[in-house]
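[1] Take this sequence and fold it.
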Amino acid sequence: MTDPAPAALPRLNDLALASLPARVARPAYDRSRTRIGIVHLGAGAFHRAHQAVYVDELLADDPDWAICAVSLHSPGVRDALRPQDGLYALALLGEETELRVIGAIREVLFAREQREAVLARLADPAVRLVTLTITEKGYCLAGDGLDFAHPEVVRDLAQPEAPSGAIGHIVAGLRARHRQGLEPYTVLSCDNLADNGGKLRRAVLQYARRIDAALADWIEREVAFPRSMVDSITPATDDALRECVAAQLGCRDAWPVQREPYAQWVIEDDFRNGRPAFERAGATISDDIAGYDRAKLRLLNAPHSTLAYLGALLGLETVAEAMAHPPLAGFVERLMRGHIAPHLAAPRGFDAQAYAGAILLRFRNPAIRHRLLQIAQDGSQKIPVRLLGTIADALAAGRPVEPLCLPVAAWLHFVRRQAQAGIALADPLAPALSAIGRAATGEAAGDVPAFLALDAVFAPLSSDARFAQALRIAYAALGDGGAAAVERALAASAAAQ
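    Presented below is the predicted three-dimensional model:
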């Protein structure tokens, strides 16, 4: 990590807050009066750009929820933020970049070097919430349960008093509280993982049962693991951001973060020892996290994939560029508003059309360079959950599916084009897909059945003659998969509305 800001500039810290330019937002509370009530495992950019910002909004009214941010595998965040008293800048990327200094993090620890401090904080009765952003691999899962062969799990079970992984730390903290007769903390996963709270609960219970059956029973009875859903595009920090922040702050920030202005956080209301009033900061408290996950998959992720595959065939590079292409942008909006939103089994109180409008605004944000080829990766995993579920529902209800099949057909053309150009596919089914793509002739009659034979992607929908026919028509409409053919297909779709 480098810091390109001039060394002569002072470092961002508590003393520097008063001298920041008036246009820079800063904590609206006395940081010295806040108390740590949250331990967060995985102090990466997403947490600091998302959950910590929600907490920052609340501390003026409720100072008991400041954050101890714990890095499990790298000292980078600690070493960057400790000299800054935990402060850092958040850049909100829109037509103009807005800066805000976040003060919610009061302590930053690196677990490998400060294990005793981390465990002491987890055992602190003032801590009532432990949150996580550790990515899916940090949960050490095998299926929906814990992978007992994972090296981190093996190591932590051998020395549970000196854990290294997230599950080990959670259980070690709960074990200390159980021994001392203290109330447990709630454990809230904030990772993009379906049923994240359920998976985390199962992993924690399985781990705990290996070391202490009575502890596992207590966790099962007393500890809450709410589910959640999070959303906000958070590009990685780079030197350009550091230079921009230094110029606007007049001081150096070793590790600022950036994200789009939009953020969403949906949380299951299942807390046992109090909770912050997250809804005051804009979070949604709901008992239907699965419904929000479904809405995100179908109204955000499906259009994302649509832009990726059709946009790639058109020779476009980013989501914003794709949305600046009127025929493609128009098709995506019609798909969302006419074929997905009206038929979505949405959570109570959820406005699907308003959500679609917010997503379209996000897609048009020119400050976010979200590359289409990145979104196009892992299509065999994404297409079933993003598009095929909606198609299956439409078929069951007797609704037309031709527009919904066009992005699926675009994926098939994308695979064919990549394979025949000798470009490796980033996909778990790359060998099978590439073989089909290389053998494809561009004719729907032969190509589509070959792809539909991939049961891992299309079953059981592949046996529906209506779907197969609609997909063949869409595939043929895209012709050779070139830009001119895609333009004609989009124009024909618009005319048919």
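
[2] Show me what the longest helix seen in the chain is packed against.
    Longest helix in the chain by number of residues (criterion: DSSP state H): helix 402-420. The elements that helix 402-420 packs onto, with contact taken as 3 or more CB pairs under 8 Å, 6 or more residues apart in numbering; DSSP states H and E, are helix 302-313, helix 326-334, helix 379-383, helix 389-396, helix 430-439, helix 444-452, helix 465-477, helix 483-496. C-beta here means a position set from N, CA and C on the backbone, and glycine is covered the same way.

[3] most neighbours per residue, which of those?
    helix 302-313 (a mean of 25; mean count of other CB atoms under 10 Å).

[4] Hey, what's the angle from that one to helix 402-420? Just curious.
    Between the axes of helix 302-313 and helix 402-420, defined by axes from the mean of the first three to the mean of the last three CA atoms, to 10 degrees, the angle is 50 degrees.

[5] Which among the helices and strands packed on helix 402-420 is found nearest to Glu107?
    helix 302-313 (36.7 Å; CB to CB).

[6] residues in contact with the closest one?
    With contacts defined as CB atoms under 8 Å, 6 or more residues apart in numbering, helix 302-313 is touched by 319, 321-323, 325, 328, 331-332, 335-336, 340, 359, 363, 372-373, 375-376, 379, 382-383, 386-387, 390, 406-407, 410-411, 413-414, 417, 478, 481-483, 486, 490.

[7] following it, which helix or strand shows up next?
    Sequence order places helix 319-323 as the next helix or strand after helix 302-313, per DSSP states H and E.

[8] Not counting that next one itself, show me its contacts.
    Contacting residues not belonging to helix 319-323 are listed as 304, 307, 310-311, 314, 316, 328-329, 332, 360, 363-366, 368-370, 372, 375 [CB under 8 Å, 6+ apart].

[9] what's the answer for stretch 391-410, then?
    Outside stretch 391-410, the residues that touch it by CB under 8 Å, 6+ apart are 302, 305-306, 309-310, 313, 331, 334-335, 338-340, 343, 383, 387-388, 390, 461, 464, 466-467, 470-471, 473-475, 477-478, 481, 486, 489, 493, 496.

[10] start to end distance for it?
    One end of stretch 391-410 sits 15 Å from the other (CA to CA, to the nearest Å).

[11] Name the residue closest to the centre of the protein, please.
    Asn192 (4.4 Å; CA atoms, centre = their mean).

[12] For the closest residue in space to that residue that isn't next to it in sequence, grab the count of nearby residues.
    In space, and not counting its chain neighbours, Asn192 is closest to Val230: 6.5 Å by CB to CB, 6 or more residues apart in numbering. Residues near Val230, counting by other CB atoms under 10 Å, number 21.

[13] can you pull up the bridge partners for Val230?
    Beta-bridge pairing of Val230 under DSSP bridges involves Trp265.

[14] so what's it up against?
    By CB under 8 Å, 6+ apart, the contact list for Val230 reads Phe46, His50, Gln51, Cys190, Asp191, Asn192, Gln264, Trp265, Val266.

[15] Out of these, give me the one that has the most neighbours.
    Among these, Gln51 has the most neighbours (other CB under 10 Å), with 26 neighbours.

[16] how much space between that residue and Gly42?
    According to CB to CB, to the nearest Å, Gln51 and Gly42 sit 10 Å apart.

[17] joint contacts of the two?
    Common neighbours of Gln51 and Gly42, counting by CB under 8 Å, 6+ apart, are Thr133.

[18] so what's Val223 closest to, chain neighbours aside?
    Once flanking residues are discounted, Val223 sits nearest to Pro184: 4.7 Å by CB to CB, 6+ apart.

[19] can you tell me how far the one you found sits from Asp351?
    Counting by CB to CB, the gap from Pro184 to Asp351 is 36 Å.

[20] more neighbours, those two?
    The neighbour comparison of Pro184 against Asp351 (other CB under 10 Å) goes to Pro184, with 19 against 11.

[21] that older thread, please state the offset of the longest helix of the chain from the chain centre?
    Offset of helix 402-420 from its chain centre (CA atoms, centre = their mean, to the nearest Å): 25 Å.

[22] Now do the buried residues in it.
    For helix 402-420, a neighbour-count test (16 or more other CB atoms under 10 Å) marks 402-419 as buried.

[23] and if you look at stretch 247-267?
    Across stretch 247-267, burial judged by 16+ other CB under 10 Å covers 248-249, 251-260, 262-267.

[24] which intervals of this structure have sub-threshold pLDDT?
    1-7 (pLDDT under 70).

[25] Quickly list the domain ranges of it.
    Listed by automatic domain parsing, the domain ranges of the chain are 14-287, 290-496.

[26] Dump those to CSV, plus distance to Ala8.
    Below are the domains of the chain laid out as CSV (distance: least, CB to CB, whole Å):
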stretch, distance to Ala8
domain 14-287, 9
domain 290-496, 29
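
[27] Pull out the buried positions in stretch 15-25.
    Ala16, Leu17, Leu20, Val24, Ala25.

[28] Please list all residues in contact with the closest residue to the first one other than its chain neighbours.
    The spatial neighbour of Ala16 that comes closest, neighbours along the chain excluded (CB to CB, 6+ apart), is Cys251 at 5.1 Å. Residues near Cys251 by CB under 8 Å, 6+ apart: Leu9, Pro10, Arg11, Leu12, Ala16, Ser19, Leu20.

[29] Give the phi and psi angles for the third one, as a check.
    According to degrees, to the nearest 10, the main-chain angles of Arg11 amount to phi -80, psi 140.

[30] can I assume it is in contact with Pro83?
    Yes. Contact criterion CB atoms under 8 Å: Arg11 and Pro83 qualify, at 5.8 Å.

[31] and for these two, which residues touch both?
    Residues touching both Arg11 and Pro83 by CB under 8 Å, 6+ apart: Ala254.

[32] and those two? which has more neighbours close in?
    Arg11 (17 against 14).

[33] one step back: just the ones in helices from the buried residues of stretch 247-267, please.
    Per DSSP H, the subset of the buried residues of stretch 247-267 in helices is Gln248, Leu249.

[34] how much space between the residue lying farthest from the centre of the chain and Ile473?
    Each residue of the chain has a distance to the centre, and by CA atoms, centre = their mean the biggest one is for Ala445: 38.2 Å. Distance of Ala445 to Ile473, computed by CB to CB: 11 Å.

[35] Repeat that for Gly389.
    Distance of Gly389 to Ile473, computed by CB to CB: 21 Å.

[36] now Glu260
    Distance from Glu260 to Ile473, by CB to CB: 36 Å.

[37] What are the boundaries of the strands in this protein?
    With strands called from DSSP state E, the chain shows them at 36-41, 66-71, 88-93, 97-102, 105-110, 129-132, 141-142, 145-146, 186-189, 228-231, 257-259, 264-268, 284-286.

[38] Including distance to Ile423, could those strands go into TSV?
    Shown next, in TSV, are the strands of the chain (distance: least, CB to CB, whole Å):
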stretch	distance to Ile423
strand 36-41	38
strand 66-71	37
strand 88-93	30
strand 97-102	35
strand 105-110	40
strand 129-132	36
strand 141-142	31
strand 145-146	37
strand 186-189	36
strand 228-231	30
strand 257-259	30
strand 264-268	34
strand 284-286	41
